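Peer 1: Sequence and predicted structure below; questions after.
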Amino acid sequence: MAQDKKVYLFKGLQLFAMDGTTLRTHDTVENRDHFGAQNYSGDTVASYSQVRGVTLTSLPTHLVYSAAFGPYSTNEMLYAKQLVQAIPDESLTVFDRGFLSAEILCNLTGSGTERHFIIPAKSNTKWEALEDESTDMLVRMRVSPQARAKRPELPEFWEARAITVIDAQARKRILLTSLLDRRRYKPADIAACYDKRWRIETSYRELKQTMLGTALTLRSKTTDGVYQEIWGILIAYNLIRLEIAKAALAVKCEPTEISFIRAFHLIQFELHWAGVTRSYGKLPASMKHLRERLVTLLKDERPGRKCDRAVKATPKRYAVRRVKKLP
């Protein structure tokens, strides 16, 4: 894949997204003591323990580049800080606004080479405009005294480019980014990159619903077993996504245009059949046959399909009946 990496670049930068998710575990004493559970109002607690995790995911391929997970009580920000150093050079990472932290973003841009970010500003984010105020301006923000007390190496101020964009629902959003070159990185390009952030949610759906068969709870009943199971799920997911990416290159389409469900079922069937009817010495030939069939199956699978994001209507609680208009 190394020679084809340029196919998935954004103006020479690898494109990633970072976000968090949770997984439910069996409610054993060991799991509850280690992972904990969600607390509700009224001193009540969830009836099952949960794992909290954060992943760094490639947006073009959905490959999980790195992951950190553990007790539910650990804040997502702490897991995100563990992953910052794993972000490669010459990359652009899209964050959700919940990760707006000078410590995370300054550590990202302050080390390595050409490591950039896009993140939406919060409604209470304060800054000082370093240029005439406009929809595309350079701003400066103060690092909180609390953050500097914990991390004295942080600067007193940090700068970013603030871009105002209007989405399809006519809502105004301000994106903060370290991409300061206005000639190379146009506001429309930056907005388009941020609009791809939702693909990481699709990746979580593929992991938690498709691969796990919509199971609500992980199978393992011990703490070590839970960690082992999650790493196993991530490895299996990446192997499937890698085969999808190779098939996409063969048929010259985007990996996200290929149905994960159909590819998953095909790979699952082929590997099961290979294990039942063929010797291990013929496994390379079996893999070759799998890839050929994957490409053949997917070549004309969904011609002209588009993956534009759509906001679906909220399901009605009660059945409704369409009323015919009188002429």
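Peer 2: Received, thanks.
Peer 1: So the residue most central in space within the chain, which state does it fall into?
Peer 2: Nearest to the geometric centre of the chain sits residue 200, at 2.9 Å (CA atoms, centre = their mean). The assignment at residue 200 comes out as helix when based on DSSP: H, G, I helix; E, B strand; the rest coil.
Peer 1: okay but it is in contact with residue 54, surely?
Peer 2: No - the criterion here is CB atoms under 8 Å, and residue 200 misses it with residue 54 at 10.4 Å. Any C-beta I mention is one placed from the backbone N, CA and C, and that applies to glycine too.
Peer 1: how is the protein carved up into domains?
Peer 2: Per the record, the chain has its domains at 2-125+176-197, 203-299, by automatic domain parsing.
Peer 1: of all these, which gets the most neighbours per residue?
Peer 2: Comparing the domains of the chain by mean neighbour count (mean count of other CB atoms under 10 Å), domain 2-125+176-197 ranks first with a mean of 17.
Peer 1: Give me the distance from that one to the chain's centre.
Peer 2: Here the centre of domain 2-125+176-197 is set off from its chain's centre by 7 Å, with CA atoms, centre = their mean, to the nearest Å.
Peer 1: Likewise for stretch 127-141?
Peer 2: Distance, centroid of stretch 127-141 to centroid of chain: 29 Å (CA atoms, centre = their mean).
Peer 1: Mind telling me what element the spatially closest residue to residue 200 that is not a sequence neighbour is part of?
Peer 2: Among residues not flanking residue 200 along the chain, residue 17 sits closest, at 4.2 Å (CB to CB, 6 or more residues apart in numbering). For residue 17, the element it lies in under DSSP states H and E is strand 13-24.
Peer 1: Residue 268 now?
Peer 2: helix 260-277.
Peer 1: Tell me which other helices or strands that helix touches.
Peer 2: Judged by 3 or more CB pairs under 8 Å, 6 or more residues apart in numbering; DSSP states H and E, the packing partners of helix 260-277 are helix 223-251, helix 283-299.
Peer 1: would you list those helices in CSV and tack on mean pLDDT?
Peer 2: Shown next, in CSV, are those (pLDDT from 0 to 100):
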stretch, mean pLDDT
helix 223-251, 92
helix 283-299, 72
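Peer 1: would JSON lines of the ones you listed with distance to residue 127 be doable?
Peer 2: Shown next, in JSON lines, are the helices and strands packed on helix 260-277 (distance: least, CB to CB, whole Å):
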{"stretch": "helix 223-251", "distance to residue 127": "37"}
{"stretch": "helix 283-299", "distance to residue 127": "47"}
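Peer 1: Good, we can wrap up now.
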